[in-house]
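Trainee: Pasting the sequence and the predicted model now:
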Amino acid sequence: MSSEDVRPKVDCTVPHPARRYDYWLGGKDNFQVDRDAADAIEKQFPTVRLLAQENRWFLHRSVRYAARELGIRQFLDIGTGIPTSPNTHQVAQEIDPAARIVYVDNDPLVLAHARALMTGTPQGRTAYLDADLRDPGGILHHADTAATLDLTRPVALMMLAVLHFIRDEENPRAIVDTLIDALPHGSLVVISHGTPEHVTAEQAARIGRADPSGARVRSGTELAALFARPDLHLVAPVASISEWWPEAAPQPRPSVADVAMNGLVARVVRD
């Protein structure tokens with residue numbers, strides 16, 4: 001049996017968050033089932049395309065913060081999605097060509113595009129893992145992670161618009177703790193997460209019915225509680241991604257209600 005025979009196949013009958021996100025960003029790597037699901041959500045939340053774009057800009061600003069302000073040169077980007085330039089490695093390696101990045105996603109279509117397009121500088125290293133956030137140990141102990149990242153030196157852990165796909169019964173706190181336990185002193189944790197705080201209960205229910213992924217949006221208080229650890233110090237209180245580093249963001253800034261996604265940025269501080 002060839003490697004092509006055992007490679008995971010793309011299921012174009014079930015919508016996938018990465019392909020739906022690609023559609024909202026104006027990409028073409030999606031199927032009709034993804035577009036139908038995305039349109040159903042957009043009907044209930046008309047500014048969802050703005051949310052997707054703001055999330056990308058939040059990623060760019062947080063990578064620049066990690067690389068320029070903190071001197072971090074290693075990035076673990078979980079839930080990377082279909083490549084949309086500039087990607088994490090392009091932003092980081094523009095600052096330091098020796099930066100190293102591991103991308104993680106679980107959609108075979110993302111895998112195919114990532115391997116073709118996510119090539120970094122000769123001085124740095126870029127790897128892609130076909131893995132799931134629900135198995136954090138598998139991510140941390142993967143051979144490509146070990147070959148790319150030195151977990152004795154600071155790492156920026158990026159989980160943008162992915163943690164809300166982990167339901168409460170899947171124990172998101174255990175996933176978070178496993179990942180953060182592996183990070184050394186000086187590392188950075190960057191999260192973006194859907195919030196219900198700016199919609200009515202009725203609208204939230206309609207969005208939930210339109211979303212086949214069963215995403216579990218959490219309030220800013222719930223998100224902060226998920227990351228409440230003595231060795232994790234918030235850079236600033238949890239806030240809308242539209243309000244992080246606003247001076248470096250496109251103007252004018254959108255309202256928090258139109259974006260409806262919070263950001264959490266925290267340093268790992270250990271004795």
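Mentor: Structure received.

Trainee: Please work out the average pLDDT along stretch 61-73.
Mentor: Stretch 61-73 comes out with an average pLDDT of 98.

Trainee: how far is it from where the chain is centred?
Mentor: Centroid separation between stretch 61-73 and its chain, computed with C-alpha atoms, centre = their mean, to the nearest Å, is 16 Å.

Trainee: Val190 should be in a strand, yeah?
Mentor: Yes. Val190 sits within a strand when classified using DSSP: H, G, I helix; E, B strand; the rest coil.

Trainee: mind listing what the residue nearest to it when sequence neighbours are not counted touches?
Mentor: Leaving aside its sequence neighbours, Val190 sits nearest to Ser62 (C-beta to C-beta, 6 or more residues apart in numbering; 4.5 Å). The way it works is simple: take the backbone N, C-alpha and C, and place the C-beta from them, glycine included. Contacts for Ser62 were tallied using C-beta atoms under 8 Å, 6 or more residues apart in numbering; they are 156, 158, 190, 244-245, 263, 265.

Trainee: May I see the buried residues of the helix or strand encompassing Ile175?
Mentor: Using DSSP states H and E, the element containing Ile175 is helix 172-181. For helix 172-181, the neighbour count (16 or more other C-beta atoms under 10 Å) marks 172, 175-176, 179-180 as buried.

Trainee: May I see these arranged in a markdown table, with pLDDT and distance to Gln93 as well?
Mentor: What follows is the buried residues of helix 172-181, written out as a markdown table (pLDDT from 0 to 100; distance: C-beta to C-beta, whole Å):
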| residue | pLDDT | distance to Gln93 |
| --- | --- | --- |
| Pro172 | 97 | 31 |
| Ile175 | 98 | 28 |
| Val176 | 98 | 27 |
| Leu179 | 98 | 23 |
| Ile180 | 98 | 25 |
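
Trainee: Could you give the secondary structure assignment for Pro86?
Mentor: Applying three-state DSSP: Pro86 is coil.

Trainee: Pretty sure the residue nearest to Val190 sits in a helix.
Mentor: Yes. Counting by three-state DSSP, Ser62 is found in a helix.

Trainee: contacts for the helix or strand containing Phe75?
Mentor: Assessed by DSSP H and E, Phe75 sits inside strand 74-78. Strand 74-78 is contacted by residues 63, 66, 88-89, 92, 99-105, 133, 139, 145, 149-150, 153-160, 162, 179 when judged by C-beta under 8 Å, 6+ apart.

Trainee: for stretch 122-131, same thing?
Mentor: Stretch 122-131 is contacted by residues 8, 80, 89, 92-93, 96-106, 108, 111, 114-115, 118-120, 138-139, 142, 144-145, 147-148 when judged by C-beta under 8 Å, 6+ apart.

Trainee: Please compute how far it lies from its chain's middle.
Mentor: With C-alpha atoms, centre = their mean, you get 16 Å for stretch 122-131.

Trainee: Quick check: buried residues in it?
Mentor: Residues of stretch 122-131 classed as buried: 124-131 (neighbour count, 16+ other C-beta under 10 Å).

Trainee: Model confidence for the residue nearest to Ala249 when sequence neighbours are not counted, exactly?
Mentor: Spatial nearest neighbour of Ala249, chain neighbours left out: Trp57 (5.9 Å); criterion: C-beta to C-beta, 6+ apart. According to the prediction, Trp57 has pLDDT 96.
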